[in-house]
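> Quick one: sequence and predicted model below, then my questions.
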Amino acid sequence: MAITKIHPIKHTLGKSITYIGNECKTEGGKYISTFGCAYETAELEFELTAQSAKGGGENQAYHLIQSFKPNEVTPEQCHEIGKKFADEVLGGKYEYVICTHTDKDHYHNHIIFNAVSFKDHKRYRSDKKSYYRIREISDKICAEYGLNVVEPSGRKRSYEQKKTYISNKYKIKKAIDECILFAVDYEDFLRRMRDKKYIVREDEFLWFRNADNKRFTKTDTIGKAYIRGNIEQRIKGTYQPKTVDLLIDIEHNVKCRQSKGYEQWAKIHNLQLIAKTLIVIHERGIADYDDLAKRVSDKSKKLKETADKIKSEKKRIKELDTVMKNLNMYRKLKPIYDEYTKKNPLMKNSFYEKHEQEINLFRRLTSELKPYLTDNNKLPSVKQIEAEKAKLLTDVSKLSTQYSDMKSEYSDIATLKKNVDMFLNIPPEREEPKKKPSLLKKLAKYQEQASRESKPQNHKGHDQEL
């Protein structure tokens with residue numbers, strides 16, 4: 001079980017970073033990692049990022065602590081969990097230094113992160129809501145590693161409250177259904193939704209929110225019948241869903257075993273569904289079973305390709321955010337480095353001693369920015385980076401829409417194939433299982449590692465800078 005605490009750092013950033021990176025506490029610096037900065041120049045990089053902050057604030061950084069019970073984790077596990085924890089909490093927007101202390105019987109992580117984001121230059125907001133999010137993320141990651149989690153407090157809704165809770169999405173769904181029932185046309189439908197105090201937003205999708213909610217709900221997420229085009233068809237009375245439900249697996253269905261009446265109903269239901277399945281297959285021009293199987297396979301491949309492309313472009317966007325940060329720091333430090341290079345040999349040493357961190361950071365940034373030099377051997381401008389990022393964001397938005405449509409199409413045609421397979425008693429295709437190890441197996445593995453701690457092992461250390 002991990003206990004989490006967070007507090008602001010107002011005036012002692014340098015001392016705090018030095019303290020958490022103490023070699024006696026981190027096994028000679030073995031358990032020190034960073035994101036968006038280097039340990040040696042973290043204080044300076046935090047300060048340079050803070051110079052572009054939007055809005056005032058006196059906090060230099062935040063100190064987040066994640067502590068485990070004695071003998072619950074190994075140092076390697078503690079550090080690994082801490083990095084995942086920091087990455088998810090901070091979302092790749094804040095520089096951070098993470099150090100795992102092993103000098104006490106309870107291993108714990110110290111994470112110091114910038115109070116200002118290098119991505120959008122907004123300040124981190126620390127309040128009850130953000131703290132509960134921190135705790136929930138920590139509990140989730142601990143559960144993945146087979147560790148106990150903090151018992152939920154009274155802040156969580158009780159079982160009785162959950163039973164009577166009505167989600168905002170459900171309220172919007174009911175309002176849409178009611179307005180469609182009485183609407184003359186699409187414009188009349190929107191007017192009726194506004195009369196119900198819903199705010200409407202239209203772009204490539206249709207969105208609604210009421211005055212009590214800050215976030216819009218995209219109608220696509222409610223269901224296929226709530227996509228804008230399908231809403232228009234429902235108003236006109238021409239909407240005909242071209243999908244079918246999955247057949248009931250009578251042999252393994254618990255209700256069928258318990259009730260002969262339900263089993264008889266399920267058999268009739270399945271006959272109706274398989275008839276509908278064959279009609280839909282014919283409407284889609286599917287020639288035979290091999291054609292159906294090929295279409296399912298093709299859709300699956302395209303779906304994976306699109307998902308991989310989205311992942312790749314999101315990774316590039318994250319990379320560009322770091323490049324942008326490095327470019328801004330490079331330009332801020334260049335005058336200092338230029339002055340250093342112009343100094344005569346007698347003055348150079350004293351100037352270097354005074355500006356050691358700035359000069360070392362400039363040299364590191366120069367090295368990291370080399371892969372991004374243009375054909376003219378010049379660094380790209382911030383505008384060029386922003387233009388590329390804007391294009392990638394547009395592409396990701398379009399790809400996400402395509403992925404959503406393709407996923408829906410794949411789900412439909414896969415259901416058709418499953419129904420045919422079940423009707424013809426064709427066994428499902430078995431792939432090599434890609435299951436994550438169970439929590440109990442993970443825990444057993446970690447306990448086994450802990451028992452071998454006394455034996456010499458070769459562990460790869462984490463990089464201290466990006």
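Good, I have the coordinates. Model, not experiment: these values are computed from the prediction.
> just checking, what packs against the host helix or strand of Ala275?
Using DSSP states H and E, the secondary-structure element containing Ala275 is helix 260-283. Judged by 3 or more Cβ pairs under 8 Å, 6 or more residues apart in numbering; DSSP states H and E, helix 260-283 is in contact with helix 254-258, helix 382-423. For the C-beta atoms, the positions are set from N, CA and C on the backbone; glycine is no exception.
> average model confidence for the last one?
What helix 382-423 shows for mean pLDDT is 89.
> Mind listing what's buried along stretch 204-217?
Buried residues in stretch 204-217, defined by neighbour count with 16 or more other Cβ atoms under 10 Å: 206-209, 216-217.
> deepest of the helices and strands packed on helix 260-283, which one?
The highest mean neighbour count among the helices and strands packed on helix 260-283, using mean count of other Cβ atoms under 10 Å, belongs to helix 382-423: a mean of 15.
> now the angle from that helix to helix 260-283?
With axes from the mean of the first three to the mean of the last three Cα atoms, to 10 degrees defining the directions, helix 382-423 sits at 120 degrees from helix 260-283.
> and helix 382-423, what other elements does it pack with?
For helix 382-423, the packing partners by 3+ Cβ pairs under 8 Å, 6+ apart come out as helix 260-283, helix 289-342.
> between it and helix 289-342, what angle do the directions make?
For helix 382-423 against helix 289-342, the angle by the same axes, to 10 degrees is 160 degrees.
> For stretch 125-135, buried residues please.
Result for stretch 125-135 [16+ other Cβ under 10 Å]: buried residues 126, 134-135.
> Return the mean pLDDT over that stretch, rounded to an integer.
Rounded mean pLDDT across stretch 125-135 is 92.
> Report the distance from it to the chain centre.
Relative to the mean C-alpha coordinate of its chain, stretch 125-135 is positioned 17 Å out (Cα atoms, centre = their mean, to the nearest Å).
> List of residues touching it?
Stretch 125-135 is contacted from outside by 4, 6, 8, 59, 62, 64, 89, 124, 150, 155, using Cβ atoms under 8 Å, 6 or more residues apart in numbering.
> ok so, going back, between the buried residues of stretch 125-135, which is nearest Asn22?
Ile134 (24.2 Å; Cβ to Cβ).
> Phi and psi next, for the closest one.
Main-chain dihedrals, Ile134, degrees, to the nearest 10: phi -60, psi -50.
> ok, it to Asn148 distance?
Per Cβ to Cβ, to the nearest Å, Ile134 is found 18 Å from Asn148.
> Number of residues surrounding Lys315?
10 (other Cβ atoms under 10 Å).
> Actually, Val323.
Using other Cβ under 10 Å as the criterion, the residues surrounding Val323 number 20.
> Break down the stretch 151-300 of the chain into its strands, ranges please.
Using DSSP state E, counting those that start in this stretch, the strands of the stretch 151-300 of the chain run over 198-202, 206-210, 217-218.
> what's the first one packed up against?
Pointing back at strand 198-202 there. Short answer (3+ Cβ pairs under 8 Å, 6+ apart): strand 198-202 packs on helix 186-195, strand 206-210.
> For the longest one, the averaged confidence score.
The one in question is helix 186-195. 94.
> could I get that helix in CSV with only the CA atoms?
C-alpha atoms of helix 186-195 as CSV (Å, rounded to 0.1, in the frame of the first residue of the first chain):
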residue,chain,number,x,y,z
TYR,A,186,-33.5,18.9,-37.2
GLU,A,187,-33.6,22.7,-36.4
ASP,A,188,-36.7,22.1,-34.4
PHE,A,189,-34.9,19.3,-32.5
LEU,A,190,-32.0,21.7,-31.6
ARG,A,191,-34.5,24.4,-30.5
ARG,A,192,-36.3,21.9,-28.2
MET,A,193,-32.9,20.8,-26.7
ARG,A,194,-32.1,24.5,-26.0
ASP,A,195,-35.5,24.9,-24.4
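> Which residues does it contact?
With contact meaning Cβ under 8 Å, 6+ apart, helix 186-195 is reached by 175-176, 179-180, 182-183, 200, 208, 231-232, 235.
> Ala225: which of the residues you listed is nearest?
Distances from Ala225 to the contacts of helix 186-195, taken by Cβ to Cβ, are shortest for Ile231, at 7.8 Å.
> Quick one: buried ones out of the contacts of stretch 125-135?
4, 6, 59, 62, 64, 89, 124.
> I'd like the residues you listed laid out as a markdown table, including secondary structure.
Below are the buried ones among the contacts of stretch 125-135 laid out as a markdown table (DSSP: H, G, I helix; E, B strand; the rest coil):
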| residue | secondary structure |
| --- | --- |
| Thr4 | strand |
| Ile6 | strand |
| Asn59 | coil |
| Tyr62 | strand |
| Leu64 | strand |
| Val89 | helix |
| Tyr124 | coil |
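> Adding distance to Tyr352, write the residues you listed out as JSON lines.
Shown next, in JSON lines, are the buried ones among the contacts of stretch 125-135 (distance: Cβ to Cβ, whole Å):
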{"residue": "Thr4", "distance to Tyr352": "41"}
{"residue": "Ile6", "distance to Tyr352": "37"}
{"residue": "Asn59", "distance to Tyr352": "31"}
{"residue": "Tyr62", "distance to Tyr352": "32"}
{"residue": "Leu64", "distance to Tyr352": "34"}
{"residue": "Val89", "distance to Tyr352": "37"}
{"residue": "Tyr124", "distance to Tyr352": "34"}
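> Pull the most distant pair out of the residues you listed.
Thr4 and Asn59 (18.1 Å).
> roughly how far apart are Gln77 and Thr306?
The value you get for Gln77 to Thr306, if Cβ to Cβ is used, is 35 Å.
> domain parsing for this structure?
2-144, 168-236, 304-407 (automatic domain parsing).
> How far away from the center of its chain is the longest one?
Going back to what we said before, that points to domain 2-144. Distance, centroid of domain 2-144 to centroid of chain: 18 Å (Cα atoms, centre = their mean).
> coming back round to it: please identify which of the helices and strands packed on strand 198-202 is closest to Asp103.
strand 206-210 (50.8 Å).
> ok, the closest one: who's next to it in the sheet?
strand 198-202 (antiparallel), strand 217-218 (antiparallel) (DSSP bridges).
> how about the ones you listed in TSV, adding mean pLDDT and distance to Phe46?
As requested, those are exported to TSV (pLDDT from 0 to 100; distance: least, Cβ to Cβ, whole Å):
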stretch	mean pLDDT	distance to Phe46
strand 198-202	92	37
strand 217-218	91	37
